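Asker: Any chance you can model this:
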Amino acid sequence: QVQLVESGGGLVQAGGSLTLSCVASGRTFSTYAMGWFRQAPGKEREVVAAISSGRNRYYADSVKGRFIIFRDNAKNTVYLQLNSLKPEDTAVYYCAARVNGGLGYENREYDYWGQGTQVTVSS
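Answerer: Coordinates of the predicted model:
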């Protein structure tokens, strides 16, 4: 069982930046693909960014060029840097781990989930 704990959410003005962190338990973090998802009120949870065990990256079109996903295997941590934030980025952000180390793009492809961290962007 892998436990994921997110942190770094908060309230920020439009145009600002935040960095989310997700720490994973266990010794096999480096073999997992990791993803960041978000869910806004009344909407389905959607993938934002993903990084494979081989550090291939994927970004949703809505965040491409603004968000950066990266990982530090020595710290069992994956990060999501959020830049040029917009009010429409407001959501609960979730970290997820995929035992299959390849990129995953859908909720059902991930095996473990964190509890989420709220990001609110004011206009």
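Asker: distance of residue 103 from residue 84?
Answerer: Relative to residue 84, residue 103 is positioned 24 Å away (C-beta to C-beta, to the nearest Å). C-beta: built from backbone N, CA, C; applies to glycine.
Asker: wait, I meant residue 71
Answerer: 22 Å.
Asker: And the one residue sitting closest to the centre of the chain, which helix or strand is it part of?
Answerer: For the chain, residue 36 is the residue whose C-alpha lies nearest the centre (C-alpha atoms, centre = their mean; 2.2 Å). Assignment of secondary structure by DSSP states H and E places residue 36 within strand 33-39.
Asker: got the contact list for the next helix or strand after that strand?
Answerer: Per DSSP H and E, the first helix or strand lying C-terminal to strand 33-39 is strand 46-51. With C-beta atoms under 8 Å, 6 or more residues apart in numbering as the contact definition, strand 46-51 has outside contacts at 33-39, 57-60, 63, 67-71, 78, 80, 93, 103-107.
Asker: Next: stretch 26-39.
Answerer: 2-3, 20, 22, 24, 45-53, 69, 71, 73, 76, 78, 80, 89, 91-104, 107, 110, 116, 119.
Asker: Name only those of those that count as buried.
Answerer: 2, 20, 22, 24, 45, 47-53, 69, 71, 76, 78, 80, 89, 91-98, 101, 103-104, 107, 110, 116, 119 (16 or more other C-beta atoms under 10 Å).
Asker: For residue 88, which three-state class applies?
Answerer: Per DSSP: H, G, I helix; E, B strand; the rest coil, the secondary structure class of residue 88 is helix.
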